[in-house]
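J.: below is the structure, and that's it, no one-letter string:
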């Protein structure tokens, strides 16, 4: 049995300059992976992930339902012939959601939640795509690696 409910909080580790654009403008870049365009987050606040992703900041999203709906609407506008889904990445075995949601057991500590879109027609190119969902400052914040989680 798989639980596809979004976690209450999502975390994106990265460079502060990129994450500031995500916070203030809702700017995100979808990257090609496993014949999909993907956008990944972690379900965990973990200082070790700053080192893993060579990050100096973390975007913390507190209203994941609102966030997820806005992401899917923006991609639908930008890529109308693509279908999207989001869910937990599974580690060490093939995920029910497919290859885009499957990683090795060694990557389990990333605890990823991923958004992915697949082309509904053949021959659509898989290039990175930038989307903007507008400011998310009302339900998100930036934290540095020294933040003490409550």
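T.: That came through fine. Bear in mind the structure is a predicted one, so any value in this text is a computation, not a measurement. Numbers count the residues shown, from 1 in each chain.

J.: make it CA atoms for all contacts and neighbour counts henceforth
T.: Fine.

J.: let me see the ranges of the helices in the chain.
T.: Taking DSSP state H as the criterion, the chain carries its helices at 16-25, 47-52, 64-78.

J.: show the average pLDDT along the longest one.
T.: To tie it back to what came earlier, the one meant is helix 64-78. Mean per-residue pLDDT for helix 64-78: 97.

J.: what helices and strands are in contact with that helix?
T.: The helices and strands touching helix 64-78, judged by 3 or more CA pairs under 8 Å, 6 or more residues apart in numbering; DSSP states H and E, are strand 82-88, strand 129-132.

J.: what about residue 87, how many residues nearby?
T.: Neighbourhood size, residue 87 [other CA atoms under 10 Å]: 19.

J.: one step back: how about CSV for the helices and strands packed on helix 64-78, with mean pLDDT added?
T.: Formatted as CSV, the helices and strands packed on helix 64-78 follow (pLDDT from 0 to 100):
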stretch, mean pLDDT
strand 82-88, 95
strand 129-132, 96
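
J.: out of those strands, which is closest to residue 25?
T.: For the helices and strands packed on helix 64-78, proximity to residue 25 was assessed by CA to CA; strand 129-132 is nearest, at 6.4 Å.
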